[in-house]
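A predicted structure for the sequence below; I have some questions about it.
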Amino acid sequence: MTVAPYRPDTAVPHRCGGVLRVVAPTAAAPLDPSCAPASAAPFVRLHTRQLVTWQAARDVRDWQAVTPVPDLALEVPSTWNAGLGASHRSYVFHMRPGIRWDTPDRRPVTAHDVVRGFKRMCNPVRPSPSLAYFADTVRGLAEFAAAWAAEATHRAGDAATLAAYQNAHEIPGVFALDDETLVIELARPALDFVQMLALPAASAVPVEHDAFVPGSPEAAAHLRANGPYRVRRHRPGEWAELVRNPAWEPAADPYRRAEADRVELRLSDGVGRADAADALAEVSVAPAVGGLPAAEPVDGDGALGWALDPYLVLNLRDPVWADLRVRQAAALAVDKAAVADLYRRHRPGVPVRVAGSLIPPGNAGHDTADAYPTGDPARARDLLAAAGHADGAPLVLIHPHSGLGPEVAHACATDLTRAGLPTRAVGLADAAYTEALRAPATAGGWQLAVAARVPDWLEHNGRVFAQAMLQANPVPGGANHGGYAAPEVDALIERALDAAEPWRADAAWRAAAERAVADVAVVPILHRAPVAAPRQPDRVDGLVPLPPQGYAVDLTAARPEVAG
Amino acid sequence: MRVSVTDDPATTTASRTGGPTAPADPLRTASFAELRSLFAVEPDAVHLNTGTIGVMPYEVLDVNDRVTREWNGGLRNVYPPGMYPEHRAAIGRAFGVDQDEMVICHNATEGVARVINGLELHEGDEVITTSHECYSVLSNFNLLRNRHRITLTVLTPPVGPDVTAEEIVDMFARAITPRTKVLAFAAVTLFTGTRMPVRQLCDLAQRHGLTTVVDGALLPGLFDTDLRALGPDFVTCSGSKFQCGPLGTGLLYVRNKVHPEHNPLPLPTFWPVISTWYPMMGAPPPRTTTRVESYNMGDYLQSAGSASIARGAALAKACELWDRIGRDRIERHAVALGEHTRARIVERFGVESLYSPLTDDRLTAPLVAFNPFPDRADGWNITKFARLVDELESRHRIWTRWTEFDVAGSPHQHYAARICTHLYNTAEEVDLAVDAIADLVRELS
């Protein structure tokens, strides 16, 4: 199916050029697609391309905005175009001509580059946070990643060793027939596979990247582009400067523009707008918790893709949570309504609802049930007493500095302490916070974390909550930060992934989420409506959201004011 | 020479179709070389893709054109002829069924959609079918899955030269559960050209009280078929493939009476979802339990607004020609060419190249699917098959097609070249095609 791409209004003449300054939380902006999280997609999109992508939409209720459109691929495979067989397990992609790498020879982007990208997302040093999605879907990818990880335990992690392994081994289900044709075979049909292909992890990667360890500063400094911008300078965790990519052909990219001459990313560990005095034009991007400052809600109840924002992660590796009654006490302690009030004060106009379920409205598998009524400290204390819970050292509740992380953490810590679970809120810089969630065993002891989860895509997306947050022993990646493991939930996740019918998958996602909430794997606090950046920040025009990318603006279409 | 098949103008609406061919009819004894001249085959082209689209006889083209003109701009009532009562009766006789059981529809896809959506199925009811069905079958059952929450079990049938009818029947038998309500399968699969054991599968279904939906797109015009004797409840057919009628024609058989020797089960509840003359209030009488119909289900299905009178007449003309030539003769000729094709393919590319059946005669059809490339891995290389078919057409004007399908136990989507033979083809054409394929394979390997 072909849909018309969004084009900014042409009635009002405008001038291209200028400098677009973007302020973003540090954790949101790794530019190396092999290890970038889905939340980095709006930035990765500046310089990389994927097999499919999304088109920006001024009216976010436009269904075309949530339907993948072909990007590196010439068409989205379907039975109609012979790209998809009856079993929906074999996808054939034909590469779009005219897409070139920003290399001296301006080499065409080939199917082999996409194969390399799939391999590189499995790298054992810095695997993609989206790896679990693909591992459970693409034939042989989980085994490839596991074997590479096993090999890495007794090999050096340098770039040459990694590249040697990568290039000597194949993912059985991902192969190029020639430069222009790619086949991806699935272990089982997946209702959301095409949506997954828009993630940064599925970007094409040039051979030049083999010279660098994924996610390393060296890799970040030598990224090769095939999108409208190239990375000129990059200091990971601090800033990046992107300029127009001379190898990019607009005619070969229906869904991106290159309005600004230059894009400056300023990465902030703090609360948003930093050093804006000299900004010609500036856009803010959502922090992990609390959505955008001064954001506008997107169509309230009717919107797809509400966020679970915030929720509490219980680090289940810690023995303090061994007794279900203690976990239930934690869930009962939190005054969710008070947190909702907090959001309403800081994010006026953004709809929030007290959450009982893991999967928010507008996502597959949402359930309105609330297993734990909000704020019952007396009942929490009774449960703790019944469990024989003794006061010990205060629990550590980590939170990001950005967004509303500090406010939420302090409110929750107060509630937990009042209910008999003394808790200390510890703020972390975004990068440290992300690392603590990613690798809790090595990032220091914590028992609780304030977190948020925004869906990575919007259709058939139960897995972005239930699988990512609940599946036990996944390959690296995902969002099971607390280490939850329940065979019954895993079986439900498998049932959902196996389902050919959306309603059957939704039922299984819902059941998995209900069971996990009953187990108090996490404590859902609020469901938040999607928010988009203000439509007209000072001196920037052409801000159009990309709904499946957290309603972030399409930075390639943003038009900074040009002097004169 | 061109065989004379002049018409009596008074009979061109096919009122004389059906019945045994008169011995004096020259078509009955004409050679196949002579019969070839009846068809609008391009003289320098080799048409080996009748499984996709057949070649119309000149006479069929003429009828289509003439009847179109006759009914253009007139003030006559177009609805009665759009019910095709005589055509349906004549065509029904050719296929062993009655007028009330036969419908002329727009194509096999429309027919199968009307059947599938007319079945009485509810949440939890199971349909068993195969991954080798036409996509129109699978997509319509998926529609029911989404709409009514039925369970759809999709089996991948065995393929290759040694597959037997018993293996296929056993595959279905093992899949039947207490919730199974329908078996749906092709009479001849379009991907591998497997002639499914329809009678055995219908016996299996009848033993379990199941409804049978048969995609018979490739049946009419190829096999001399008695639809009732096969035992199914529904068969949907193309009119434009082996029957060589106009594009946009199809046939639909709906069992509308009980002949215990063929299918003793009660008639399944069926809803004619596209119908002008289904009662606008109340319901039809209860369905019959005997050999006498209680109402004309064919009329309900045939009444679907204004119809293409010309296309119906042209399809009837094609069927009439087949009856005059002899459907048994046509089947023997096409099947013999199919055997010749398989032999040549085995000789040139090895028996292991075949995806189509070989050793079990009950399963063979004159549609032969094979992988001519020596590297087995090319069996899942779509680009090589697409190139092969394109080059055959552009360099040699040989028209074939490639097909794609699952192979049980293989993680890959497999591709095959497919050659179809029909009454207007010759062994020399098959030889030419196999030689050209061999040359191209060397070039592409």
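Perfect, I can see it now.

shaky segments in the stretch 451-564 of chain A?
Regions of the stretch 451-564 of chain A meeting the criterion pLDDT under 70 cover residues A:474, A:533-538, A:563-564.

in the stretch 401-550 of chain A, which spans are helices?
A:405-418, A:430-438, A:466-470, A:487-498, A:502-518 (DSSP state H, counting those that start in this stretch).

In the chain, what helix or strand scores lowest on average pLDDT?
Unless you meant another one, I'm taking chain A. In chain A, the helix or strand scored least confidently by mean pLDDT, DSSP states H and E is strand A:282-284, which has a mean of 63.

Please refer instead to chain B.
Result, chain B / mean pLDDT, DSSP H and E: helix B:79-82, a mean of 92.

same for that helix, what does it pack against?
helix B:309-325 (3 or more CB pairs under 8 Å, 6 or more residues apart in numbering or on different chains; DSSP states H and E). From N, CA and C alone the C-beta is placed, and that goes for glycine too.

about what we covered before: so of the helices of the stretch 401-550 of chain A, which one's packed in deepest?
Mean neighbours per residue, mean count of other CB atoms under 10 Å in any protein chain shown, is largest over these for helix A:466-470, with a mean of 26.

chain center to that helix: distance?
13 Å (CA atoms, centre = their mean, to the nearest Å).

One more: stretch B:42-49?
21 Å.

That one close to chain A?
No: using CB under 8 Å from any CB of the partner chain, stretch B:42-49 never reaches chain A; the gap is at least 15.7 Å.

as a whole number, average confidence for that stretch?
Averaged across stretch B:42-49, pLDDT comes to 94.

looking at the helices of the stretch 401-550 of chain A, which is closest to B:Glu404?
helix A:487-498 (23.3 Å; CB to CB).

elements contacting the closest one?
Packing partners of helix A:487-498 (3+ CB pairs under 8 Å, 6+ apart): helix A:466-470, helix A:502-518.

wouldn't A:Asp102 be in contact with A:His222 here?
No: between A:Asp102 and A:His222 there is no contact under CB atoms under 8 Å: 11.0 Å.

Which of those two has more residues huddled nearby?
Between A:Asp102 and A:His222, counting by other CB atoms under 10 Å in any protein chain shown, A:Asp102 is the more crowded of the two (21 against 15).

Helix, strand or coil: sort out that one for me.
coil (DSSP: H, G, I helix; E, B strand; the rest coil).

could the helices of the stretch 401-550 of chain A be laid out in a markdown table, adding distance to A:Arg96?
Formatted as a markdown table, the helices of the stretch 401-550 of chain A follow (distance: least, CB to CB, whole Å):
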| stretch | distance to A:Arg96 |
| --- | --- |
| helix A:405-418 | 41 |
| helix A:430-438 | 34 |
| helix A:466-470 | 30 |
| helix A:487-498 | 30 |
| helix A:502-518 | 29 |
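
Could you report the neighbour count for the residue in chain A that chain B sits nearest to?
Using CB to the nearest CB, A:Ser90 is the residue of chain A that sits closest to chain B, at 3.4 Å. The tally of other residues near A:Ser90 (other CB under 10 Å) stands at 25.

That one against A:Pro189, yeah?
No: when contacts are counted by CB under 8 Å, A:Ser90 is not listed as touching A:Pro189 (10.0 Å).

what residues do those two have in common as contacts?
Common neighbours of A:Ser90 and A:Pro189, using CB atoms under 8 Å, 6 or more residues apart in numbering or on different chains, do not exist here.

Burial check on A:Ser39, number of neighbours?
Counted with other CB under 10 Å, A:Ser39 comes out at 28.

which SS state does it fall under?
Per three-state DSSP, A:Ser39 ends up helix.

Verify the contact between it and A:Val454 for me.
Yes: if you go by CB under 8 Å, A:Ser39 and A:Val454 touch, sitting 6.9 Å apart.

can I get the CA coordinates of the least confident helix or strand of chain B in PDB?
Taking Å, rounded to 0.1, in the frame of the first residue of the first chain, the C-alpha atoms of helix B:79-82 are listed here in PDB:
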ATOM      1  CA  TYR B  79     -32.600  -9.200 -15.300                       C
ATOM      2  CA  PRO B  80     -34.100 -12.500 -16.600                       C
ATOM      3  CA  PRO B  81     -31.200 -13.300 -18.900                       C
ATOM      4  CA  GLY B  82     -28.800 -12.300 -16.100                       C
END
